[in-house]
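Peer 1: Generate coordinates for the sequence data below:
(one chain, ligands or ions: 2)
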Amino acid sequence: MDCIFCRIVEKSQPADIVYEDDALIAFKDIRPKSDIHVLLLPKAHIPTVNDLDEHHVTLMGRLFLTAKKLAAQWSLVEPGYRLRVNVGRGGGQIIDHLHMHLLSGQRKR
Ligand code: AMP
Ligand code: ZN
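Peer 2: Residues are numbered from 1 along each chain as shown. Ligands and ions are numbered 1, 2, ... in the order given. The predicted model follows:
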């Protein structure tokens, strides 16, 4: 398996990492679609939301709470921000390692 996000987790692929703990990592999107565009993801390779089960409940809770914490840290509570998870090709998912987009500010084309 060759997964670019796993390589970022393992530090064999460079990324602009803005947050990391034992279970999660966040880095700037390489092609930002808003002024602020960060990807937040579990370090464990879970391909998509379709692969989640009961074992992931705590991890997914942490994903949301960490997104909230980062948004507060970066003063995004006002004006607000968007959290987006694409699922499957038809849902806009290109990289099959579950990730949450945290977007805020002016949209870029
Ligand atoms: P998705 O369409 O939800 O799968 O989102 C994948 C996102 O990953 C896109 O917004 C890409 O711009 C971004 N991306 C792809 N490769 C990298 C990388 N090496 N570092 C940071 N972001 C990346
Ligand atoms: Zn992966």
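
Peer 1: Could you report the neighbour count for Gly88?
Peer 2: 12 (other CB atoms under 10 Å). For the C-beta atoms, the positions are set from N, CA and C on the backbone; glycine is no exception.

Peer 1: wait, it sits on Asp51?
Peer 2: No. Assessed by CB atoms under 8 Å, Gly88 is found out of contact with Asp51, at 11.2 Å.

Peer 1: Please tell me how far Gln73 sits from ligand 1.
Peer 2: 20 Å (CB to the nearest ligand atom, to the nearest Å).

Peer 1: Repeat that for His56.
Peer 2: 18 Å.

Peer 1: Show the model's pLDDT score for that residue.
Peer 2: Note for His56: predicted pLDDT of 98.

Peer 1: didn't it look like it was pressed against Val49?
Peer 2: No. Using CB under 8 Å, His56 is not in contact with Val49, being 9.6 Å away.

Peer 1: how about Val38, secondary structure?
Peer 2: strand (DSSP: H, G, I helix; E, B strand; the rest coil).

Peer 1: Beta-bridge partners for the residue lying closest to it once chain neighbours are set aside, please?
Peer 2: Distance criterion CB to CB, 6 or more residues apart in numbering; nearest residue to Val38, sequence neighbours excluded, is Leu102 at 4.5 Å. Beta bridges link Leu102 to Val38, Leu83, judged by DSSP bridges.

Peer 1: Cool, thanks, talk later.
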